[in-house]
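Peer 1: What shape does this take:
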Amino acid sequence: KIRGPNNKTSHLNHSLSTTFLPPLQAVVGPAICLPPLPSSPPPSDDEDDVPDVLQGEIARLEPRFKVWLSSSQPSGQCGAVQLVCQLDDRDLPAVPHIQVTIPQAYPAVSPIYPAGPPDYLTTPFLQRVDEALNSRLLKLPAKHTLSQLLTAWELSVRAACSPNYSTNCSVGAGLMSGC
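Peer 2: Just a heads-up that it's a prediction; the model follows:
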């Protein structure tokens with residue numbers, strides 16, 4: 001008995017559909033459909049080049065640090081990752097970006113910052129930033145992170161802005177003394 005009423009209902013639906021659907025479609029027109037979704041982009045090779053530990057650290061950086069892969073970074077290269085880092089703080093003067101190389105064994109091996117980038121030797125202010133940064137880099141622990149390096153860079157820019165800056169600044173003197 002259960003199949004009887006359901007069978008009659010489905011037969012009625014089929015009969016009504018075949019009877020009234022074609023004339024209704026002729027009057028109303030075809031159904032409006034959404035266009036097909038675009039195909040998803042292929043997975044980015046850039047994400048595969050950057051280790052998960054480094055991606056996480058970059059994601060947790062303060063917003064004033066802008067970090068991206070260097071254009072000189074070969075795609076698909078396993079090993080060291082070359083990053084371009086920019087300091088974007090409205091309270092500090094604009095300074096040239098720095099390039100940092102992250103070794104394949106990071107974080108067991110510290111990031112590599114090239115000594116004396118040419119952009120930092122063009123003006124007295126940038127020379128002060130370079131001097132302060134080199135002084136701070138010597139004080140960093142043997143195993144330091146990208147975050148520590150970028151913080152040292154930011155503090156060096158702040159120190160170079162200080163009117164009390166002297167060439168004999170030590171990291172232990174702190175920001176209050178202009179170092």
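
Peer 1: Show me the helices in the chain, by range?
Peer 2: Here the chain has its helices, by DSSP state H, at 3-28, 45-49, 52-59, 124-139, 146-161.

Peer 1: Show the average pLDDT along the last one.
Peer 2: The average of the pLDDT scores along helix 146-161 is 94.

Peer 1: quick one: buried residues of that helix?
Peer 2: For helix 146-161, a neighbour-count test (16 or more other CB atoms under 10 Å) marks 146, 148-160 as buried. For glycine as for every other residue, the C-beta is placed from the backbone atoms N, C-alpha and C.

Peer 1: ok so, going back, now distance to G79 too, for the helices of the chain, in TSV please.
Peer 2: Listed next are those as TSV, based on distance: least, CB to CB, whole Å:
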stretch	distance to G79
helix 3-28	62
helix 45-49	9
helix 52-59	13
helix 124-139	23
helix 146-161	16
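
Peer 1: Which of the ones you listed comes out lowest on mean pLDDT?
Peer 2: Looking at the helices of the chain, the bottom one is helix 45-49 with a mean of 54.

Peer 1: end to end, how far does stretch 114-132 reach?
Peer 2: 15 Å (CA to CA, to the nearest Å).

Peer 1: any idea how far it is from the chain center?
Peer 2: Taking CA atoms, centre = their mean, to the nearest Å, the mean C-alpha location of stretch 114-132 is offset from the chain mean by 26 Å.

Peer 1: what is V100 paired to in the beta sheet?
Peer 2: V100 has these beta-bridge partners by DSSP bridges: L83.

Peer 1: ok, now how distant is it from T145?
Peer 2: V100 sits 11 Å away from T145, taking CB to CB, to the nearest Å as the criterion.

Peer 1: shared neighbours of those two, anything?
Peer 2: P111 (CB atoms under 8 Å, 6 or more residues apart in numbering).

Peer 1: separation between the closest residue to Q82 other than its chain neighbours and Q55?
Peer 2: Nearest non-adjacent residue to Q82, counting by CB to CB, 6 or more residues apart in numbering: S70, 3.9 Å away. The gap separating S70 from Q55 is 16 Å, by CB to CB.

Peer 1: Would you mind telling me which of these two has the busier surroundings?
Peer 2: S70 (15 against 11; other CB atoms under 10 Å).

Peer 1: my guess is the more buried one meets A80, correct?
Peer 2: No: using CB atoms under 8 Å, S70 makes no contact with A80, being 10.6 Å away.

Peer 1: Need the overlap of contacts for these two.
Peer 2: In contact with both S70 and A80: no residue, using CB under 8 Å, 6+ apart.

Peer 1: Report how many residues lie close to D88.
Peer 2: Neighbours of D88 (other CB under 10 Å): 13.

Peer 1: dump the residue contacts of it.
Peer 2: Contacts of D88 by CB under 8 Å, 6+ apart are 63-66.
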